[in-house]
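Visitor: Sequence first, then the predicted structure, then my questions.
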Amino acid sequence: MKNLRNLLFSLICLLTSIVNANSENVRIGFEGGILWADIRAEETAQALANLSGSTVTYTYDEATWVGRVFADYELSTETALEVGFFVTGSLDATYTISGASATEGYDATGVDVAAVFKSDGLYFKAGMHRSELNGAASLNIGGTTYNISETISGNGFLVGGGIEIDDSRIGYTYYSDVGGDSDSDMSMITYGIFF
């Protein structure tokens, strides 16, 4: 998390200097929406069933909320450089075996940088992100609870696009390798406004 904060602080300093140098080309915005990611609950349930020799029932979240603050620096009317910071809600799963239960949850935070290409109210973006994936799990056996948590971080790419009209936009973005984990991808649909 310390590295992510340092990177975010550096990006904010860079954006502040750009804004002061040429404020008419910079737009600040916020977008929020829904995020989908596969936490592979079915695979975990099968692994638990194989280990225990028992039937495992499970429930899991398929989607959660996402929020993102960003700055758009227009290089021309058709291109821009975008820098953002995102945070997600938790995707949770619960597993039940006779006499025991387990839960797990995952959330993510990160910074991203992308080149944005615009034409006729449409936009396309491609870039990269640095993100952290936080996981927490608990296991309850006979009234005793065991907890574990882990955070991983790493880089990945992003692609997206959408519709931009005046000071608002609707978009889709795909993030690969969240937290640097090649099995952790996420997709989000957002509505955003510029200030």
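Guide: Alright, I've got the coordinates. Numbering: from 1, shown residues only.

Visitor: Which strand runs longest in the protein?
Guide: strand 144-165 (DSSP state E).

Visitor: by contact count, what packs against it?
Guide: Helices and strands touching strand 144-165, by 3 or more Cβ pairs under 8 Å, 6 or more residues apart in numbering; DSSP states H and E, are strand 100-119, strand 122-141, strand 168-175. No exception for glycine: its C-beta is placed from N, CA and C like everyone else's.

Visitor: So what are the sheet partners of that strand and their directions?
Guide: As defined by DSSP bridges, the strand partners of strand 144-165 come to strand 122-141 (antiparallel), strand 168-175 (antiparallel).

Visitor: Any buried residues in the first one, and which?
Guide: In this case it means strand 122-141. For strand 122-141, the buried set under the neighbour-count rule, 16 or more other Cβ atoms under 10 Å, comprises Y123, K125, G127, H129, R130, S131, E132, L133, N134, G135, A136, A137.

Visitor: want to throw these into JSON lines with pLDDT?
Guide: Converted to JSON lines, the buried residues of strand 122-141 look like this (pLDDT from 0 to 100):
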{"residue": "Y123", "pLDDT": "97"}
{"residue": "K125", "pLDDT": "98"}
{"residue": "G127", "pLDDT": "98"}
{"residue": "H129", "pLDDT": "97"}
{"residue": "R130", "pLDDT": "96"}
{"residue": "S131", "pLDDT": "96"}
{"residue": "E132", "pLDDT": "96"}
{"residue": "L133", "pLDDT": "94"}
{"residue": "N134", "pLDDT": "95"}
{"residue": "G135", "pLDDT": "94"}
{"residue": "A136", "pLDDT": "95"}
{"residue": "A137", "pLDDT": "92"}
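
Visitor: Closest to I193 out of those?
Guide: Relative to I193, the closest of the buried residues of strand 122-141 is Y123; by Cβ to Cβ it sits at 14.7 Å.
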